[in-house]
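Engineer: for reference, the sequence and a predicted model appear below.
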Amino acid sequence: MNIQVLGTGCPKCKSLEKATREVVAQNNIDATITKVEDIVEIMKFNIMTTPALVIDGKVVVKGRVPSMDELKQILTNKIYIL
């Protein structure tokens, strides 16, 4: 699984990255996590609000930080809730 956290470095963006890394580690999810801070790269996903979470090229969360439980559900069940 390829996970990208989109955000320019604001506190919410950092929070989403931290939570994502924690959920992946706690649940032994086989994933590569990258942080995308370049605004030009972020714009390629056609989102206007950050943070955003992209899994395997699909935007699954945008403009908010999901709870740890919601994030676990998204990452373990691949249930995408925008």
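Structural biologist: Good, I have the coordinates. Numbering: from 1, shown residues only.
Engineer: and the average pLDDT for the helix or strand where residue 60 lies is what?
Structural biologist: Assessed by DSSP states H and E, residue 60 sits inside strand 58-62. Taken as a whole, strand 58-62 has an average pLDDT of 94.
Engineer: that strand: partners in the sheet, and parallel or antiparallel?
Structural biologist: strand 52-55 (antiparallel) (DSSP bridges).
Engineer: so how far is the strand it pairs with off the chain centroid?
Structural biologist: In terms of Cα atoms, centre = their mean, to the nearest Å, the centre of strand 52-55 is set 4 Å apart from its chain centre.
Engineer: then that strand to CSV, C-alphas only?
Structural biologist: These are the backbone C-alpha positions of strand 52-55, laid out as CSV (Å, rounded to 0.1, in the frame of the first residue of the first chain):
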residue,chain,number,x,y,z
ALA,A,52,-5.3,15.1,2.7
LEU,A,53,-4.6,11.4,2.7
VAL,A,54,-4.0,9.5,-0.5
ILE,A,55,-4.0,5.7,-0.7
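Engineer: re earlier: quick check: next helix or strand after the strand holding residue 60?
Structural biologist: By DSSP H and E, the next helix or strand past strand 58-62 is helix 68-77.
Engineer: what residue lies at the spatial centre of the protein?
Structural biologist: For the chain, the residue nearest the mean C-alpha position is residue 53 (2.5 Å; Cα atoms, centre = their mean).
Engineer: for that residue, what are its contacts?
Structural biologist: 3-6, 16, 20, 59-62, 66, 74 (Cβ atoms under 8 Å, 6 or more residues apart in numbering). Bear in mind the C-beta positions are built from the backbone N, C-alpha and C, glycine included.
Engineer: same thing but 6 Å
Structural biologist: 60-61 (Cβ atoms under 6 Å, 6 or more residues apart in numbering).
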